[in-house]
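S.K.: Next input, structure requested:
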Amino acid sequence: MQSETQQTSSAKGLRVAIIVSNYHQTITMNLAKAAQSTFIASGGLSEDCKLVHAAGAWELPILAKSFAKADEVDAIVALACIISGETTHDRIIGDAIAQGLMTIALQWGHPVSMGVLTCQSFEQAQARSGGSSGNKGEEAMHAAIQTAMTLKECHS
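M.R.: Numbering: from 1, shown residues only. Next comes the predicted model:
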């Protein structure tokens, strides 16, 4: 359960890309809507918040890399939902995505926030996408805004 209220810097003047997996779309669109509304509530302009759909979670790093290479945004928020199955496939996918997104962030020098749910069940995913455990899309956007603004402050 979410224990504290998120504080964020102003998103005024920031440009962000939200990359959202189409897999488990009822969950991921809740994450995306929360991320978008958090950006706007933090002072960002809707036209500065680009929403891009990915086929699945696996495609998040390549799309994030494309945005990073174009260097037209200040931050990227990657959103997906991976639910455990009978094999370790979920862990392999989750680890690869996390490593890919982190590599992009470190090479690019801008935040790539990971709002990828890795849950045991669909019910856990529902709880983390606007239910009793908050919304991880909102949390990922807060982290992206705060990190982007901190980096701007450090380099100005």
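
S.K.: which residue ranges form the strands in the chain?
M.R.: Along the chain, counting by DSSP state E, strands occupy 16-21, 49-54, 75-83, 112-119, 129-131, 134-135.

S.K.: Paired strands for the last one, with orientation please.
M.R.: Which is strand 134-135. strand 129-131 (antiparallel) (DSSP bridges).

S.K.: how far out from the middle of the chain is the partner strand?
M.R.: 15 Å (Cα atoms, centre = their mean, to the nearest Å).

S.K.: how about low-confidence regions in this protein?
M.R.: 1-8 (pLDDT under 70).

S.K.: what about 80?
M.R.: 1-8, 156 (pLDDT under 80).

S.K.: quick one: the helices in it?
M.R.: 25-41, 60-70, 89-108, 122-128, 136-154 (DSSP state H).

S.K.: need the ones you listed in TSV with distance to S10, can you?
M.R.: Where you see a C-beta, it was placed from the backbone N, CA and C, and this is true even at glycine. Formatted as TSV, the helices of the chain follow (distance: least, Cβ to Cβ, whole Å):
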stretch	distance to S10
helix 25-41	10
helix 60-70	22
helix 89-108	21
helix 122-128	26
helix 136-154	7
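
S.K.: Format these as JSON lines; extra columns: mean neighbour count and distance to R15.
M.R.: Below are the helices of the chain laid out as JSON lines (neighbours: other Cβ atoms under 10 Å; distance: least, Cβ to Cβ, whole Å):
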{"stretch": "helix 25-41", "mean neighbour count": "21", "distance to R15": "10"}
{"stretch": "helix 60-70", "mean neighbour count": "18", "distance to R15": "10"}
{"stretch": "helix 89-108", "mean neighbour count": "16", "distance to R15": "14"}
{"stretch": "helix 122-128", "mean neighbour count": "18", "distance to R15": "27"}
{"stretch": "helix 136-154", "mean neighbour count": "21", "distance to R15": "9"}
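
S.K.: This completes my enquiry, with thanks.
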